[in-house]
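K.L.:
Sharing a model that was predicted from the sequence below.
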Amino acid sequence: MTVLTRSFDPQFLEDTSHAPNVQVLSVPTFWQPLRVLQFSRATANAATASRFDIVHSFSRTRHQDLYRAGGGSHREYLRRSSSGGRRIARQFSPRHRVLLALEAAIFRDPTQRIQCASRFVADTLTSQHFVSSERIFLLPNAVDTARYGTAHAHQAGRRLRTQLDEKAERVWLFPASGWRRKGLGRLLEAVAKMKDPGFRLWIAGRDDPTPWQKMIADLGISDLVRFLGPRDDLEVVYGAVDAMVLPTHYDAFANVTLEAAASGLPVLTTRANGASEWLSNAVVCLDLGDAPNTEGDSDRLANAMQDLADRERAWGLGEQARRIVQRMDWPSHAAALSEEYRRILELRRQKQ
């Protein structure tokens, strides 16, 4: 196996027992539109020169056998994550125009298979981009079931909760980056409408909390919200809280959904989160508005969170979700990918 990349952390190879061959491609480090285009060209040239059996792309590149649509449809992402003038401005920015053009070229190319992590994404590609359903390879993301929900994670989580919010009756976690798209605005409004002094919301992620602090103060919930910053021990944070909430406007597949489920937590999210469909009835899934600030969203969210104050119901949902994701581990994921590679090779032989 060979990995084509523009940069990588050498620690990755030290932590991998079966280290792949890594080719670092020379591309500009400035101006993202140029970097994206040059990386696409460089990977195509490298693949042609090396005569690989299979090219599986995890980035928006023009030429490959299997393209993983990890972010779903960029056009749909833009539509759902912004509105009004901001949406129009983003569509005309050089960065987004390049990404949209590459995406459109991939979706038009009948020779490329497209890996989708959810039916939510697959349906968007077939209905809006006119991708043939025969080109879709449906495979959910995987979760490290040995990391989440362990006795150590729960023990460390209890210590963290004692340290941060010992007196809280219920602690909910919002684990995300890109907080605006992930629905933090309507979540904060919902917290204010609950008027529950025993409730706490922990927010984990790398976003800057400064723009949100005024909104939190204006809503009168400063004592109920805590910013944790980016965390590399989310398994411990999951072990500290009572539930996970992600009222996202658009997520092809939010991996935190599986992580929380593997930790035995009840999950409250939206149908715009592709991961939710794999948990069936073990997840509370809301139909909220596509665009930010849709009227009534915060009311429905507040009601759903209050319903999960029933500890017996919350525990039952978490346990059911935990059992489901035990089957969504990395060995199963790798086996499904290997089978897809064999399928691609067989189809190629049939056409020769």
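P.N.:
Thanks, I have it.
K.L.:
Tell me the spacing between the residue nearest the centre of the chain and Lys214.
P.N.:
The structure's the chain has its C-alpha centroid closest to Ala254; by CA atoms, centre = their mean the separation is 2.7 Å. Ala254 sits 27 Å away from Lys214, going by CB to CB, to the nearest Å. Every C-beta, even on glycine, is put in place using the N, C-alpha and C of the backbone.
K.L.:
and what of Thr43?
P.N.:
Relative to Lys214, Thr43 is positioned 44 Å away (CB to CB).
K.L.:
Comparing those two, which residue is more hemmed in?
P.N.:
The residue with more neighbours, out of Thr43 and Lys214, is Thr43; 23 against 9, by other CB atoms under 10 Å.
K.L.:
Could you double-check that the more buried one sits in contact with Ser26?
P.N.:
No: using CB atoms under 8 Å, Thr43 is not in contact with Ser26; the gap is 11.8 Å.
K.L.:
so what secondary structure elements neighbour the helix or strand encompassing Trp212?
P.N.:
Assigned by DSSP states H and E, Trp212 falls within helix 210-219. Applying 3 or more CB pairs under 8 Å, 6 or more residues apart in numbering; DSSP states H and E, we find helix 210-219 packed against helix 184-194.
K.L.:
immediately after the helix it packs on, which helix or strand?
P.N.:
For helix 184-194, the following helix or strand on the C-terminal side (DSSP H and E) is strand 199-204.
K.L.:
Could you list the paired strands of that next one along with their orientation?
P.N.:
Here strand 199-204 is paired, per DSSP bridges, with strand 170-175 (parallel), strand 225-229 (parallel).
K.L.:
Could you dump those strands into a markdown table with mean neighbour count, distance to Asp287 and mean pLDDT added?
P.N.:
Listed next are those as a markdown table, based on neighbours: other CB atoms under 10 Å; distance: least, CB to CB, whole Å; pLDDT from 0 to 100:
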| stretch | mean neighbour count | distance to Asp287 | mean pLDDT |
| --- | --- | --- | --- |
| strand 170-175 | 22 | 19 | 98 |
| strand 225-229 | 17 | 26 | 97 |
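K.L.:
To Arg159, which of the ones you listed lies closest?
P.N.:
strand 170-175 (13.7 Å; CB to CB).
K.L.:
contacts for that closest one?
P.N.:
By CB atoms under 8 Å, 6 or more residues apart in numbering, the residues outside strand 170-175 that reach it are 161, 165, 182, 184, 187, 196, 198-205, 231, 234, 237-238, 240-246, 256, 259-260, 265, 305, 309.
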